[in-house]
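Asks: got a sequence here, can you build the structure:
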Amino acid sequence: MIKKFNSKITVALLLLLIVFMSGVFGFHFISEYSWIDALYMTVITITTVGYGEVMPLNSQEKVFVSLFIISSIFIVGYAISVITEYLISKNLGRFREKTVLKKLKSMKDHIIVCGYGRNGKQTAQKLLAYNKQFVIIEKDEEVIDRFSNEKILFVQGDAIEDDVLLKAGIEKASTLICATPNDADNLFMVLSARQMNKNLKIISRASEETSYKKLKLAGADNVIMPDKIGGDHMAWLVVVPDLVEFLDNLTVSGEQDSINVEQIPFEKMCPDGKEQAIKDLDVRKKTGCSIIGYRAPTGEYIVNPEPSLLIQKDSKLILIGRPEQIESLKREYGV
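Replies: This next block holds a predicted model:
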């Protein structure tokens, strides 16, 4: 955006200079004014002050002055509009930045998304669907101007710079998502973020398989390879098409009437803090949802856990159901 305005202002100033010099030279050589009188006539003509002519004009000179007045009106008008637009955009940009920084001061355990490309947009849509607090770091001002709104907060800058990460609240954030297509940039982000916040959960995108181990060593908790996932998905559609299509219909975000899978933390399932067995929770009878997975405090996942399994603190349950059953689950456990 700044580059665009700078080029426009350059053109506007160049046109002003051309019309100004045309006036000075025209009055000097055509009307035979002195240089001072030519400068004076040019200034009062461009500014439309209308003090009057230094000397009477003949027919040829009147034609020149008429053309000069018309051209100067258009060029000066264009220059004023460009400069005004530039000043307004700068003020709006400063106001937007102040608003974002003010909101960031009150945010805690939020999510930082680096890059608003294809993957960044998809991430933002999912986070909005779950009403998560997040901020996006994007260095392209035109992208920010196009997509910035009340729901999506942007911090302009390059996420590989520590100052930009600090501005986005990296020290108070819970999660960092590196969604840029450049693996080297993602690696720098992961290294910097891990030094600034040891407890931060970091999820990074990787384009090359060789970057996977490097990102993990740098401190990324999860590394996602979109191209590999896409290739695997297409292959599975050939091998087990019905199974893949069924899984594709199990949405975990979107409109409230389309969600089929949900996860519930221990503190929601057992608000009194008492550990219970799955069968004692009686979730199926209360909500209609079925428990299909259990994440232990150690991070281990158990698929289709036994009814006798004891739900421990800091664990999570993964449940499946029809949209109306998921809604019943949310109401029952205050999710």
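
Asks: now do the helices in the chain.
Replies: In the chain, the segments counted as helices under DSSP state H are 2-29, 35-46, 59-106, 118-129, 141-147, 162-167, 183-196, 209-218, 226-239, 241-248, 266-269, 278-281, 283-287, 323-333.

Asks: so of those, which one's packed in deepest?
Replies: helix 183-196 (a mean of 20; mean count of other CB atoms under 10 Å). For glycine as for every other residue, the C-beta is placed from the backbone atoms N, C-alpha and C.

Asks: mean confidence score for that helix?
Replies: Averaging pLDDT along helix 183-196 gives 94.

Asks: so how far is that helix off the chain centroid?
Replies: Chain-centre distance of helix 183-196: 18 Å, with CA atoms, centre = their mean, to the nearest Å.

Asks: try stretch 289-296
Replies: Centre to centre, stretch against its chain (CA atoms, centre = their mean), the figure for stretch 289-296 is 33 Å.

Asks: can you give me the buried ones in that stretch?
Replies: C289, I291, G293, Y294, R295 (16 or more other CB atoms under 10 Å).

Asks: reformat those as a markdown table; add distance to T175 and pLDDT.
Replies: Putting the buried residues of stretch 289-296 into a markdown table (distance: CB to CB, whole Å; pLDDT from 0 to 100) gives the following:
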| residue | distance to T175 | pLDDT |
| --- | --- | --- |
| C289 | 26 | 93 |
| I291 | 25 | 93 |
| G293 | 21 | 94 |
| Y294 | 22 | 95 |
| R295 | 16 | 93 |
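
Asks: farthest pair within those?
Replies: C289 and R295 (16.3 Å; CB to CB).

Asks: distance to P305 for the helices of the chain - can I get that in CSV?
Replies: Shown next, in CSV, are these (distance: least, CB to CB, whole Å):
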stretch, distance to P305
helix 2-29, 56
helix 35-46, 82
helix 59-106, 39
helix 118-129, 26
helix 141-147, 42
helix 162-167, 39
helix 183-196, 33
helix 209-218, 28
helix 226-239, 25
helix 241-248, 20
helix 266-269, 13
helix 278-281, 6
helix 283-287, 12
helix 323-333, 17
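
Asks: select, out of these, the one closest to N260.
Replies: Across these, N260 has its closest neighbour in helix 323-333 (6.6 Å, CB to CB).

Asks: which intervals of the protein have sub-threshold pLDDT?
Replies: Residue ranges of the chain with pLDDT under 70: 1-6, 50-52, 89-93, 95-96, 150, 251-258.

Asks: I'd say T42 and F25 touch.
Replies: No - T42 is not in contact with F25 according to CB atoms under 8 Å; the separation is 9.2 Å.

Asks: now the common contact residues for the two.
Replies: Taking CB atoms under 8 Å, 6 or more residues apart in numbering as the contact criterion, no residue touches both T42 and F25.

Asks: near the nearest residue to I224 once chain neighbours are set aside, how many other residues are there?
Replies: Distance criterion CB to CB, 6 or more residues apart in numbering; nearest residue to I224, sequence neighbours excluded, is R205 at 5.5 Å. Neighbour count for R205, taken as other CB atoms under 10 Å: 26.
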